[in-house]
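# Got a predicted structure plus its sequence, pasted below:
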Amino acid sequence: MFDSGVGGLSVLRDFQRLAPHERVIYFADTAFFPYGPRPAAEVRKRSFAIAHRLAGAGCKMIVVACNTASAAAIADLRDAFPVPFVGMVPGLKPATQKSRSGRVAILATPGTLDGELYARVVDEFGRGVTIENVPGHGLAELVERGESGTDAARETIGRILGPAIAAGADTVVLGCTHYHFLAEDVVARFPGVTTVETSEAVARRAVAVLHENDLAAPDSQAGALDLIVTGDREAFRAVMARLGFASHPAEAIS
Ligand code: DGL
């Protein structure tokens, strides 16, 4: 499972709950964080390097726990590697079902909003609603610094989402895995707004893919978690702890 940093931990948490016997490598590419503002070609290159490392380590499935990397690379990764991939797209479909005002805000990185994958989701599910694309400039950076739940986070959210909410959006799609950790801040800043995210749906899809491919771990296997962090390991560990991941067993950083 990989992401540019802590964002994908939202998927990891659900996946471990649903599939406690699986052994997971979580790869946090913090040396190249953030992915969001980078050109798609650069994110694709990082995604390939990471997939090589994970496939080389014997991974039987790779979850791209990052909307931006999914937008940049998921189709090419599927063509290039013999293991199944599970990726992410902003949850527009559930948002259209939840919205009462018929106006939804899609909060995501520029890389995700500009990608073909998202354009296809809009084509497929965007009819009948008004969509406000909102680039979350600076939000993933806040989360990566462990600043969810702070005044700074709420102030930034207010500034970024304010215009879309003022225009009548009542549903906010958290289209970047980092934003999962800001869900409470969005609701605190804009009471009455509904947030939508896909972490759990993606974790469920990953479990289904394992079963479909006859790859699921037996119940006799003990689950495990290994971390690979390309940037500052101690900083990553500290933010992980702040997000509630302190006590996970079998933690090793390489
Ligand atoms: N977590 C990533 C995503 O889901 C993006 C964060 C970043 O900009 O690196 O899009």
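Everything's here; your move.
# CA only for contacts and neighbour counts going forward, please
Fine.
# In the chain, where is pLDDT below threshold?
246-254 (pLDDT under 70).
# ranges for the helices of it?
Remark: helices assigned in the chain by DSSP state H are 9-18, 40-56, 67-80, 92-98, 110-113, 116-125, 139-144, 151-166, 183-189, 199-212, 233-242.
# what about the longest one, near the ligand?
Meaning helix 40-56. No - using C-alpha under 6 Å from any ligand atom, helix 40-56 stays clear of the ligand, with a minimum separation of 9.3 Å.
# Would you mark the buried spots in stretch 29-40?
Neighbour-count burial for stretch 29-40, counted by 16 or more other C-alpha atoms under 10 Å, picks out 29, 30, 33, 34, 35, 36, 37, 40.
# what do you get for stretch 118-126?
Using 16+ other C-alpha under 10 Å as the test for burial, stretch 118-126 gives 118, 126.
# cool, stretch 192-201 as well?
For stretch 192-201, the neighbour count (16+ other C-alpha under 10 Å) marks 193, 194, 195, 196, 197, 198, 199, 200 as buried.
# Skipping its backbone neighbours, what lies nearest the second one in space?
Just to be clear, that refers to residue 194. Of all residues not flanking residue 194 in the chain, residue 171 sits nearest, at 4.7 Å (C-alpha to C-alpha, 6 or more residues apart in numbering).
# Tell me the spacing between the one you found and the ligand.
Separation of residue 171 from the ligand (C-alpha to the nearest ligand atom, to the nearest Å): 18 Å.
# So what sits opposite that residue in the bridge?
On the basis of DSSP bridges, residue 171 is bridged to residue 104, residue 194.
# picking that back up, okay if I get the helices of the chain as CSV plus distance to residue 175?
Shown next, in CSV, are these (distance: least, C-alpha to C-alpha, whole Å):
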stretch, distance to residue 175
helix 9-18, 12
helix 40-56, 17
helix 67-80, 7
helix 92-98, 9
helix 110-113, 8
helix 116-125, 10
helix 139-144, 11
helix 151-166, 13
helix 183-189, 11
helix 199-212, 10
helix 233-242, 20
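# Give me whichever of the ones you listed is most buried.
With neighbours defined as mean count of other C-alpha atoms under 10 Å, those peak in mean count at helix 110-113, which reaches a mean of 24.
# Run through who's touching that one.
Contacts of helix 110-113 with the rest of the structure, by C-alpha atoms under 8 Å, 6 or more residues apart in numbering, involve 35-40, 67-68, 71-72, 118-119, 133, 135-136, 175.
# do you know how far the most centrally placed residue in the chain is from residue 223?
Geometric centre of the chain, nearest residue: residue 177, 2.4 Å, by C-alpha atoms, centre = their mean. Separation of residue 177 from residue 223 (C-alpha to C-alpha, to the nearest Å) stands at 23 Å.
# go on, residue 237?
Between residue 237 and residue 223 the computed distance is 20 Å (C-alpha to C-alpha).
# Thanks a lot, see you next time.
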